[in-house]
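Undergrad: coordinates only, sequence not included:
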């Protein structure tokens, strides 16, 4: 069996690829722009170029590679290897990406959506190493989940299981209209941009606090991240503490549902919002037991993802090692 | 391998046991009172008596029986065979029921909570026969789920997975306080008694409609069931139609979550509320696609449970055939 696999993370902006060892080391990597606006043909060409460039730069040839793993934004069909119509890959419609790559490179290829790929990477190399039943949650611009059962991604009937970001937690909340068309989804209540927008609104109402925040977490208000709010919270900024507490409470309600339903061994939280770290995790851990019937919920570890940078490349590589 | 198993359904009021064939026929059955108020020792004695009585009446002896399956209300530990502390079995605290029965009858015994048992029975003999990934939902006084993956009950880490009735769907709803301590659980919004109470309140506000309803579905207002409301709805009673539509909408929100997360092949709905039949199922099927991101949701069959009477005995028997 080959020592290496290649992981290819196809995003709306860039394509990141890496040669990854079975132990989870990226020994070579290459990033090219997706050029998504130039259409399917150009973007496909960029994917091929990334793979070819990676091999050239690493002085490897395809026979050194065990398999190719690709992750991309959904909706997609992992079993058939088809990308349906992701909002940030315009012009892509039911693209048989696995068949195209396998034809071009004559190498076994697998496809997975990015949340599932990140989840399985955490289970193989990251924060959930050694655990069989894992719930991975990514909280970022989008909110998603991966359900890992017996060390494998659970796909369900249509390959569409694990869309936990679009489960309703507050259906009466008419203001919480989600892009998916539903009301009160976890994503529309807990995503990074939503929480940052609410925080900015709060800051504007409290000029003194705003001044204090801008000092605590220097920078342009439009460019702040959850990590800035977390930093200010750690320094005692009251509005920041409140914002983190609210996000923790909401994520706890949502993850409480996941525990009631799935009783995982561990919950791993990734994505931009998770970079807020312990100050947020503490609030989540406080909230969960109040929102689940599972008596052992407080014993379920809730931890930050370990694979932060290059999680897409790790994820894509991990699906061919799953 | 023996031709028969025995299924024992331990409830708060009665113990029902049956000799069940592998094909799912109950060839003999016996029901005794649990005498739960007389304490653990008496109730245990009643369980033993039910098993002994069943064997005597059916002219079978223990060597004709492959195994014993027991279902009971949770919380319980199916792996260790221990019943923790069910609200309707007072005085029961961490009772090692499997060990006790195995010691007494020297026969392999398994324990399962009643929702999971009913779910697996539906998958083996009922409405989900032939399906591998099943979501079973029971909507009655309690609301519960069973997650069946690859034909087996998914238990999670602590044997407590599948508590879908206690997932939050409307956390801001302060009026929807659940017995489990949480706000806005599916159970506290969709259970039979809750919907019947709301319907009675509506009826009282509309005397003309009330008169019509009492004619449509004759009987004491305190004794009405969801089946009576369904009957009135089928006859065109507006309040009844509205009540069924509301319950269907709520169950659709809840089951939409299940599809987003689990993407099952089929959803089977059991329990007293499900006896309302097609008039309710139609509303559920209408609601689901509006509350899930799963593009194939409208193709997921949502059907009524098939095993209505004796579902507990079937359930208990099925766990030793799973």
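TA: Received, thanks. Quantities reported herein were computed from a predicted structural model and do not represent experimental measurements. Residues are numbered from 1 along each chain as shown, chains lettered A, B, ... in the order given.
Undergrad: model confidence over stretch A:222-235, on average?
TA: For stretch A:222-235, mean pLDDT is 92.
Undergrad: now do the SS call for residue A:69.
TA: strand (DSSP: H, G, I helix; E, B strand; the rest coil).
Undergrad: how about it: which residues does it bridge to?
TA: Beta bridges link residue A:69 to residue A:7, residue A:110 when assigned by DSSP bridges.
Undergrad: and it, how many neighbours does it have?
TA: Neighbours of residue A:69 under the rule other C-beta atoms under 10 Å in any protein chain shown: 29. Just so you know, the C-beta spots here come from the backbone N, C-alpha and C atoms, and that holds for glycine as well.
Undergrad: swap in residue A:180?
TA: By other C-beta under 10 Å, the residues close to residue A:180 number 17.
Undergrad: that one sits in which helix or strand?
TA: When elements are assigned from DSSP states H and E, residue A:180 belongs to no helix and no strand.
Undergrad: swap in residue A:129?
TA: Assessed by DSSP H and E, residue A:129 sits outside every helix and strand.
Undergrad: name the nearest residue to it, sequence neighbours excluded.
TA: Closest residue to residue A:129 apart from its sequence neighbours, by C-beta to C-beta, 6 or more residues apart in numbering or on different chains: residue A:123 at 7.0 Å.
Undergrad: which secondary element of chain A has the worst mean pLDDT?
TA: The helix or strand of chain A with the poorest confidence is helix A:207-216; it has a mean of 85 (mean pLDDT, DSSP states H and E).
Undergrad: what comes into contact with the helix or strand immediately after that one in the chain?
TA: Going down the chain from helix A:207-216, the next helix or strand is helix A:226-234, by DSSP H and E. For helix A:226-234, contacts defined as C-beta atoms under 8 Å, 6 or more residues apart in numbering or on different chains pick out A:192, A:195-196, A:199, A:213, A:216-217, A:219, A:239-241, A:243-244, A:247, A:272-273, A:275-277, A:279-280.
Undergrad: any idea of the angle helix A:226-234 forms with helix A:207-216?
TA: For helix A:226-234 against helix A:207-216, the angle between stretch directions is 110 degrees (axes from the mean of the first three to the mean of the last three C-alpha atoms, to 10 degrees).
Undergrad: return the distance of helix A:226-234 from the chain's centre.
TA: 21 Å (C-alpha atoms, centre = their mean, to the nearest Å).
Undergrad: next one: stretch A:312-322
TA: Worked out by C-alpha atoms, centre = their mean, stretch A:312-322 lies 13 Å from the chain centre.
Undergrad: around chain B, which positions in the stretch 1-150 of chain A sit nearby?
TA: Residues of the stretch 1-150 of chain A lying close to chain B by C-beta under 8 Å from any C-beta of the partner chain are A:75, A:84, A:133, A:145, A:147, A:149.
Undergrad: same thing but at 7 Å, please
TA: Proximity of the stretch 1-150 of chain A to chain B (C-beta under 7 Å from any C-beta of the partner chain) is limited to residues A:75, A:133, A:149.
Undergrad: setting aside sequence neighbours, what's the nearest residue to the first one?
TA: Which is residue A:75. Closest to residue A:75 by C-beta to C-beta, 6+ apart is residue A:84, at 4.4 Å.
Undergrad: for residue A:73, give me the pLDDT.
TA: 88.
Undergrad: quick revisit: now that we have the residues of the stretch 1-150 of chain A next to chain B, which of them are buried?
TA: A:75, A:133, A:149 (16 or more other C-beta atoms under 10 Å in any protein chain shown).
Undergrad: turn the residues you listed into JSON lines, including secondary structure.
TA: Output for those, formatted as JSON lines (three-state DSSP):
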{"residue": "A:75", "secondary structure": "coil"}
{"residue": "A:133", "secondary structure": "coil"}
{"residue": "A:149", "secondary structure": "strand"}
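Undergrad: which residue would be the closest one in the stretch 51-200 of chain A to chain B?
TA: Distances between the stretch 51-200 of chain A and chain B by C-beta to the nearest C-beta are smallest at residue A:156, namely 2.6 Å.
Undergrad: residue contacts, that residue?
TA: Neighbouring residues of residue A:156 by C-beta atoms under 7 Å, 6 or more residues apart in numbering or on different chains: B:133, B:262, B:263, B:264.
Undergrad: tell me the most packed of those, by neighbour count.
TA: Tallying neighbours with other C-beta under 10 Å puts residue B:262 at the head of these, with 30 neighbours.
Undergrad: related to what we said a few turns ago, residue contacts, the residue nearest to residue A:75?
TA: By C-beta under 7 Å, 6+ apart, the contact list for residue A:84 reads A:75, A:76, A:77, A:94.
Undergrad: quick one, helices of chain A?
TA: With DSSP state H as the criterion, chain A has helices at A:40-58, A:97-105, A:114-124, A:186-190, A:192-205, A:207-216, A:226-234, A:238-262, A:278-287, A:311-318.
Undergrad: which residues belonging to the fifth one are considered buried?
TA: Buried residues in helix A:192-205, counted by 16+ other C-beta under 10 Å: A:192, A:194, A:195, A:196, A:199, A:202, A:203.
Undergrad: likewise the first one?
TA: Counting neighbours by 16+ other C-beta under 10 Å, one finds that the buried residues in helix A:40-58 are A:43, A:44, A:46, A:47, A:50, A:51, A:54, A:55, A:58.
Undergrad: show me what it is packed against.
TA: Under the contact criterion of 3 or more C-beta pairs under 7 Å, 6 or more residues apart in numbering or on different chains; DSSP states H and E, helix A:40-58 touches strand A:4-10, strand A:14-21, strand A:26-33, helix A:97-105.
Undergrad: look up how far residue A:238 lies from the residue of chain A positioned farthest from its centre.
TA: Outermost residue of chain A with respect to the C-alpha centroid, by C-alpha atoms, centre = their mean, is residue A:208; its distance is 35.4 Å. Going from residue A:208 to residue A:238 by C-beta to C-beta, to the nearest Å gives 10 Å.
Undergrad: please apply the same query to residue A:196.
TA: Per C-beta to C-beta, residue A:196 is found 17 Å from residue A:238.
Undergrad: near chain B, which residues of the stretch 201-322 of chain A are found?
TA: Selection of the stretch 201-322 of chain A residues close to chain B by C-beta under 7 Å from any C-beta yields A:253, A:256-257, A:260-265, A:291-296.
Undergrad: need the max-distance pair from the residues you listed.
TA: Among these, the pair separated by the greatest distance (C-beta to C-beta) is A:253 and A:265, at 20.8 Å.
Undergrad: and those two? Which one has more around it.
TA: Neighbours per residue (other C-beta under 10 Å) separate residue A:253 from residue A:265, with residue A:253 holding more: 26 against 18.
Undergrad: from the contacts of residue A:84, keep the buried residues only.
TA: Among these, those classed as buried by 16+ other C-beta under 10 Å are A:75, A:76, A:77.
Undergrad: surely the last one meets residue A:157?
TA: No. At 11.4 Å, residue A:77 and residue A:157 do not qualify as touching, with contact defined as C-beta atoms under 7 Å.
Undergrad: residue ranges with poor pLDDT in the stretch 101-250 of chain A?
TA: Along the stretch 101-250 of chain A, segments meeting pLDDT under 70 span A:217-219.
Undergrad: right, I'll call it a day here.
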